[in-house]
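Trainee: sharing a model that was predicted from the sequence below.
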Amino acid sequence: MHKQAILVFAFVVAVANAWSFTVWQGANKSGKYRRYFDVHAGNYCFNLDTEMTNAGIQSFSYCSMPWTRCSITIHSETGCNGVNLGSATGNAPVDEWNKDQTSAEGSLMKSFRIQGCQAAPIVGTIDCQKCSRDPF
């Protein structure tokens, strides 16, 4: 049984991203969206697409896999400058942060920083819906 558990864990690690962040122009995850993700547990700043930010971000979803434990901070200006609009830690198990309707201030987000990641060899992709704690 121990070998099976190791194999299952190895498979999951082999088919998942370190983190995924999706933003929508509409509330309740509707309208145009842009998904950001990385297979590496890096610590980087990402600017949101201006097409998305010009219309305003109305909802978002973030998740991090337990072996990377990536945290996220969301910022009001590009380059991860300006006001820190919010953050979530990447504590295990799978950490999720879903916001079906951002605040007026939150809708003005322009960038986000992924940080505190633990390095792990990861390939493939994840979908935040698949790492949801809600049963499907």
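Mentor: Yep, it's here. Just so we're clear, the structure is a prediction, and the values are computed from it rather than from any experiment.
Trainee: can you give me the strands for this structure?
Mentor: 19-26, 30-38, 44-47, 59-64, 71-77, 81-88, 95-99, 111-115 (DSSP state E).
Trainee: report all helices and strands that the second one contacts.
Mentor: Right, strand 30-38. strand 19-26, helix 50-55 (3 or more CB pairs under 8 Å, 6 or more residues apart in numbering; DSSP states H and E). Placement of C-beta: from N, CA and C, glycine included.
Trainee: redo the ones you listed as a markdown table? Include mean pLDDT, distance to S64 and mean neighbour count.
Mentor: Listed next are the helices and strands packed on strand 30-38 as a markdown table, based on pLDDT from 0 to 100; distance: least, CB to CB, whole Å; neighbours: other CB atoms under 10 Å:
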| stretch | mean pLDDT | distance to S64 | mean neighbour count |
| --- | --- | --- | --- |
| strand 19-26 | 93 | 5 | 22 |
| helix 50-55 | 95 | 21 | 13 |
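Trainee: among those, which is nearest W67?
Mentor: strand 19-26 (11.2 Å; CB to CB).
Trainee: kindly calculate the angle that that closest one makes with strand 95-99.
Mentor: On the basis of axes from the mean of the first three to the mean of the last three CA atoms, to 10 degrees, strand 19-26 is oriented at 10 degrees to strand 95-99.
Trainee: E105 is nearest to which of the strands of the chain?
Mentor: E105 lies closest to strand 81-88 among the strands of the chain, at 6.2 Å (CB to CB).
Trainee: show me which residues of the closest one are buried.
Mentor: Going by neighbour count (16 or more other CB atoms under 10 Å), the buried part of strand 81-88 is 85-86, 88.
Trainee: can I get the strands of the chain in JSON lines with distance to E105?
Mentor: Formatted as JSON lines, the strands of the chain follow (distance: least, CB to CB, whole Å):
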{"stretch": "strand 19-26", "distance to E105": "15"}
{"stretch": "strand 30-38", "distance to E105": "20"}
{"stretch": "strand 44-47", "distance to E105": "18"}
{"stretch": "strand 59-64", "distance to E105": "14"}
{"stretch": "strand 71-77", "distance to E105": "8"}
{"stretch": "strand 81-88", "distance to E105": "6"}
{"stretch": "strand 95-99", "distance to E105": "12"}
{"stretch": "strand 111-115", "distance to E105": "15"}
